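*Asks:* output the structure for:
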Amino acid sequence: MYTTIMNIQENVVLNEKTTMKNSCITRYYAEIEKQEELLEIFSFIEKEELPFAILGGGSNMIFPKEFDGVVIHMNVSGTEETDTLFIGCAGEEWDSFVEKSIKKKICHIENLSGIPGTVGATPIQNIGAYGVEVSEMIEWVEVFNIHTRQFEKLSNNKCCFGYRDSFFKKSEGKKYIVTRVAYRKSDVCHVAIAYKDLTHYFETTKKVTPAMVRTAVLAIRKEKFPDYNNYGTCGSFFKNPIVSEEIASRLQEKYGDIPLFPLGDEKIKIPLAWILDHVCHLKGYREGNVFLYEKQPLILVAEKNTFTEEIENFSKKITNIVFEKTNIQIEKEVVFIK
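*Replies:* Residues are numbered from 1 along each chain as shown. Below you'll find the predicted structure:
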């Protein structure tokens, strides 16, 4: 009775459906090709009393070896446009959307080029790179409320964006599934190249365009990031810690050249990659099938089909080492599905 509109598959291997490529099998798997199919899949979930997980590009989540629930793959793609907005469906591939958006004058979106995943994941994580966060350009987020089975639109303010954070990560926000995201167009927009790598890239260039920034970002990422085709990785595994001025001052006394970035409200952001490299000496550190990438230690990499337990244990060890050296409790950027 549940397969008249959509196909719910059983015992599906997820290894190649996430960028981490870890060993995992899910009891049920459903691809959402039309938004109305969400009504059907949640009727099934409610009747069977099953847990569920939403899958987009699979670039920021790690599944257990066996998931006794339903993995819902949001595969609705496409874009639409108004005079002031460029709108992407949740399943639209992110980098393809970025490439199109540059022509639509979505200010600074070019800095977010090359990030794996889909449009639907961008507000949840409030993705960011090279001095820009996606929350700067989001006008509204369309969602499906799994309790009311209705579609709603949430304003930018309602999303409560923070550093790699949003309303959707809070308990109240977890009743929503992102279906579309609207990004603001801008008549006047200047490129954002204050980030060190971009400043260096364009140091001899007089006029820089958004398309040029995209080219630069893709080149820089290619140099720093491992090939997603050859290894399992979620990209940046941990968040950069945000600490008090007191803690930052103490660290600066001990490690004189530690980079510090004031955020206001007496808060300081510290690049975790610098700590992992210069304080903990963990760049390239490896145990078994899991290691920190030799070109960028913020990136955790695993051989294909590595078990989740090995990845989780390795990440806990890194967390403990950082705490022992700095007294800073770092947080994961990726999500472990239980």
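
*Asks:* list of residues touching the lowest-mean-pLDDT helix or strand in the chain?
*Replies:* Least confident helix or strand of the chain, by mean pLDDT, DSSP states H and E, is strand 261-264 with a mean of 90. By Cβ atoms under 8 Å, 6 or more residues apart in numbering, the surrounding residues in contact with strand 261-264 are 242, 268-271. All C-beta spots, glycine's among them, are computed from the backbone N, C-alpha and C.

*Asks:* for the longest helix seen in the chain, buried residues please.
*Replies:* Counting residues, the longest helix in the chain under DSSP state H turns out to be helix 308-326. Of all the residues in helix 308-326, those buried under the rule 16 or more other Cβ atoms under 10 Å are 308, 310-312, 314-315, 318-319, 321-322, 325-326.

*Asks:* how far does the least confident helix or strand of the chain sit from the chain's center?
*Replies:* 22 Å (Cα atoms, centre = their mean, to the nearest Å).

*Asks:* now stretch 49-57
*Replies:* With Cα atoms, centre = their mean, you get 16 Å for stretch 49-57.

*Asks:* got it, and stretch 29-45?
*Replies:* Relative to its chain's centre, stretch 29-45 lies at 23 Å (Cα atoms, centre = their mean).

*Asks:* buried residues, it. List them.
*Replies:* 29-33, 35, 37-38, 40-42, 44-45.

*Asks:* mind listing which of those are in helices?
*Replies:* Reading helices off the buried residues of stretch 29-45 with DSSP H, I get 37-38, 40-42, 44-45.

*Asks:* quick one: which of these is nearest residue 201?
*Replies:* When these are compared for distance to residue 201 (Cβ to Cβ), residue 38 wins out at 42.3 Å.

*Asks:* can you count the residues close to residue 92?
*Replies:* Under the neighbour criterion other Cβ atoms under 10 Å, residue 92 is assigned a count of 23.

*Asks:* let me fix that, I meant to ask about residue 79.
*Replies:* 16.

*Asks:* for it, which non-adjacent residue is spatially closest?
*Replies:* residue 88 (5.2 Å; Cβ to Cβ, 6 or more residues apart in numbering).

*Asks:* mind listing what the nearest residue to residue 42 once chain neighbours are set aside touches?
*Replies:* Closest residue in space to residue 42, ignoring its immediate chain neighbours: residue 146 at 5.5 Å, by Cβ to Cβ, 6+ apart. Shown in contact with residue 146 (Cβ under 8 Å, 6+ apart): 42, 175-177.

*Asks:* out of these, which are inside strands?
*Replies:* Counting by DSSP state E, those place 176-177 in strands.

*Asks:* with respect to residue 8, which of the contacts of residue 146 is nearest?
*Replies:* residue 42 (11.9 Å).

*Asks:* the closest one touches residue 149, doesn't it?
*Replies:* Yes. Contact criterion Cβ atoms under 8 Å: residue 42 and residue 149 qualify, at 6.8 Å.

*Asks:* pull up the overlap in contacts between these two.
*Replies:* With Cβ under 8 Å, 6+ apart, residue 42 and residue 149 have no common neighbours.

*Asks:* for the residue lying closest to residue 303 once chain neighbours are set aside, give me the pLDDT.
*Replies:* Nearest non-adjacent residue to residue 303, counting by Cβ to Cβ, 6+ apart: residue 289, 4.1 Å away. Here the pLDDT value assigned to residue 289 is 95.
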